[in-house]
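Peer 1: based on what follows, work out the 3D shape:
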Amino acid sequence: MQPTANPTGLGQIHISVTDLDASVRFYRDLIGLPLLFEVPGQHMAFLQCGATRLYLGRPESDEFRSRPVLYLTVDDIQASYAEMCRRGVEFIDEPHRVHATADGELWMAFTRDPDGNHVAIMADVAG
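Peer 2: Numbering: from 1, shown residues only. This is a model prediction of the structure:
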């Protein structure tokens, strides 16, 4: 089979941070993503989120500053919300339905990371 020239997934996302340690604590300890590694002598850390790496780093210039909105999938939004609150995540809102179809509903709850980037947990709930 011939390899495709089209993208087959999302390998890595960069998030600009000002305080790497605070951001690693947020994504690893509060959100629960496994830390893969930090780069010695650099302001870079990599965490695993499903099949995608999350790259936390201080950009070399404003030209490379990112302002992402992350939507992290969870199996059970109510249980994930409760656990993350227990760990110290301060959510902006409670889990709520944002869309409904005949097959189910999409639920989300939002928080912010130490740099103010929006981070949501989201779940598809069967109808």
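Peer 1: look up the pLDDT of residue 3 for me, please.
Peer 2: Note on residue 3: pLDDT of 74.
Peer 1: scan this protein for its longest helix.
Peer 2: helix 77-87 (DSSP state H).
Peer 1: I'd like the distance between residue 102 and residue 76.
Peer 2: Remark: distance between residue 102 and residue 76 (Cβ to Cβ, to the nearest Å) = 22 Å. (Glycine included, C-beta is placed from N, CA and C.)
Peer 1: those two: which is more packed in?
Peer 2: More crowded of residue 102 and residue 76, by other Cβ atoms under 10 Å: residue 76, with 13 against 5.
Peer 1: quick check: that one touching residue 124?
Peer 2: No. At 11.1 Å, residue 76 and residue 124 do not qualify as touching, with contact defined as Cβ atoms under 8 Å.
Peer 1: one step back: contacts for the longest helix of the chain, please.
Peer 2: Residues from elsewhere that reach helix 77-87 (Cβ atoms under 8 Å, 6 or more residues apart in numbering): 29-32, 74, 91, 94-95, 107-109, 111, 121-123, 125.
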